[in-house]
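Colleague: below is the structure, and that's it, no one-letter string:
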């Protein structure tokens, strides 16, 4: 590779992030919620395949999305409208991805409309949606992957990179919230704070009592799983608090990340441990190439045209509402964000130490020298200052949780 072409490609990645800066700084929230579809009588996972599998369910919903379907070959795997998209995760988990909105109440209306459309179809089949961080009944070995080449390649690669990729793809479900950034400086601050708050936010949204058919004895089971998938693409960047951390540092990380596979026309090709640097050694990145590279990292906090906070388990709707409100209150007002940051440690080691303690002790843990409950109470109170009166009420569900544990 010529050094000039490599620099061009790195600059293209950096420019992509720069294009994500919201010049007017009108900040919005995007939300993705993953659900398991299970049989009501047994609690077992509904397969994508079969007479009344997930593909059948999707076909029942197509009438609400005229000419806006998504296929993998001949198989229906998703659909979309102006407000949200429906897609299928590796083992048939049903995901709704809501287009970024300024209003929490609008997001919740969209989510309720989605549920009102899906649930009657499931009821007729004696199925239901379950929101947990890991499947409560079925084991990973019992769940088949959907017919999407991406997941076949990932499944093959994860056999070599860790011990839990098999379980992650089939058994996990999450709630992800995306937030806007207004400049590179704003990105760095929000990105760091998201990680600094990670042990507390993971504890508050921990909703994973089972792992592969058995009760999970400690806490943050989904974190345990992700920590054993692939250290090169999961977790936290070691240079998070370096003085030069920013768009270019994140681009360098992506440039040296194994890609697993690359799209090629209507198909794709397995590339294993070859990095983006290897695969684009002789050609400039196209827009689709950049999208693919961005999608192949599974860090707890991910950068695209927005910051994607990926740390929460799948949760019931009232907890989702509370989590969205908490994120908005903590991150959207610069003075609040800066005040929080001054009280947090600036090292990856401190974050990981707090996370390990939470995994061991749950609400009995210390987070940065404070009792976990008191630290969470502090975050909720600070968040309220960034919300209007109606939005503050969404946090009640977490206040009850902290009191009752």
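Modeller: Ah, there it is. This is a predicted model, so every value here is computed, not measured. Residues are numbered from 1 along each chain as shown.
Colleague: the stretch 1-150 of the chain: strands as residue ranges?
Modeller: 29-39, 69-72, 75-80, 84-88, 94-101, 127-130 (DSSP state E, counting those that start in this stretch).
Colleague: can you list those strands in a markdown table and add distance to residue 229?
Modeller: For every residue, glycine as well, the C-beta is placed using N, CA and C. Shown next, in a markdown table, are the strands of the stretch 1-150 of the chain (distance: least, C-beta to C-beta, whole Å):
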| stretch | distance to residue 229 |
| --- | --- |
| strand 29-39 | 16 |
| strand 69-72 | 23 |
| strand 75-80 | 22 |
| strand 84-88 | 20 |
| strand 94-101 | 18 |
| strand 127-130 | 22 |
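Colleague: could I get those strands as CSV with mean pLDDT, distance to residue 378 and mean neighbour count?
Modeller: As requested, the strands of the stretch 1-150 of the chain are exported to CSV (pLDDT from 0 to 100; distance: least, C-beta to C-beta, whole Å; neighbours: other C-beta atoms under 10 Å):
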stretch, mean pLDDT, distance to residue 378, mean neighbour count
strand 29-39, 98, 22, 22
strand 69-72, 95, 43, 14
strand 75-80, 97, 39, 18
strand 84-88, 98, 33, 21
strand 94-101, 98, 28, 19
strand 127-130, 98, 32, 18
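Colleague: can you name the residues bridging to residue 177?
Modeller: residue 31, residue 309 (DSSP bridges).
Colleague: contacts only, for residue 341.
Modeller: 189, 192-193, 196 (C-beta atoms under 8 Å, 6 or more residues apart in numbering).
Colleague: repeat that for 10 Å
Modeller: 189-190, 192-193, 196-197 (C-beta atoms under 10 Å, 6 or more residues apart in numbering).
Colleague: same question, residue 321
Modeller: So residue 321 contacts 31, 104-105, 107-108, 111, 315, 391, 393-397 (C-beta under 10 Å, 6+ apart).
Colleague: repeat that with 6 Å
Modeller: 108, 394 (C-beta atoms under 6 Å, 6 or more residues apart in numbering).
Colleague: next: residue 168.
Modeller: 225, 229.
Colleague: what do you get for residue 237?
Modeller: By C-beta under 6 Å, 6+ apart, the contact set of residue 237 is empty.
Colleague: can I assume residue 212 is in contact with residue 141?
Modeller: No - the criterion here is C-beta atoms under 6 Å, and residue 212 misses it with residue 141 at 8.4 Å.
Colleague: what about the two, which has more around it?
Modeller: Higher neighbour count among residue 212 and residue 141: residue 212, with 19 against 12, using other C-beta atoms under 10 Å.
Colleague: so what's the more buried one closest to, chain neighbours aside?
Modeller: residue 139 (5.0 Å; C-beta to C-beta, 6 or more residues apart in numbering).
Colleague: isn't the one you found up against residue 210?
Modeller: No - applying C-beta under 6 Å, one finds residue 139 not in contact with residue 210, separated by 10.0 Å.
Colleague: now residue 315: how far from residue 91?
Modeller: 19 Å (C-beta to C-beta, to the nearest Å).
Colleague: residue 341 too?
Modeller: From residue 341 over to residue 91 (counting by C-beta to C-beta), the distance is 38 Å.
Colleague: then residue 220?
Modeller: 21 Å.
Colleague: do the same with residue 51
Modeller: 18 Å.
Colleague: which one of these two has more residues nearby?
Modeller: Each of residue 51 and residue 91 has its neighbours counted (other C-beta under 10 Å); residue 91 has more, 24 against 5.
Colleague: do you know the pLDDT at the more buried one?
Modeller: Looking at residue 91, its pLDDT is 98.
Colleague: for it, list the residues it contacts.
Modeller: Going by C-beta under 6 Å, 6+ apart, residue 91 touches 143, 170.
Colleague: now with 8 Å, please.
Modeller: Per C-beta under 8 Å, 6+ apart, neighbours of residue 91: 45, 48, 140, 143-146, 169-171.
Colleague: just among these, which is most surrounded?
Modeller: Busiest of those [other C-beta under 10 Å] is residue 171, holding 32 neighbours.
Colleague: need the residue closest to the centroid of this structure.
Modeller: residue 310 (3.1 Å; C-alpha atoms, centre = their mean).
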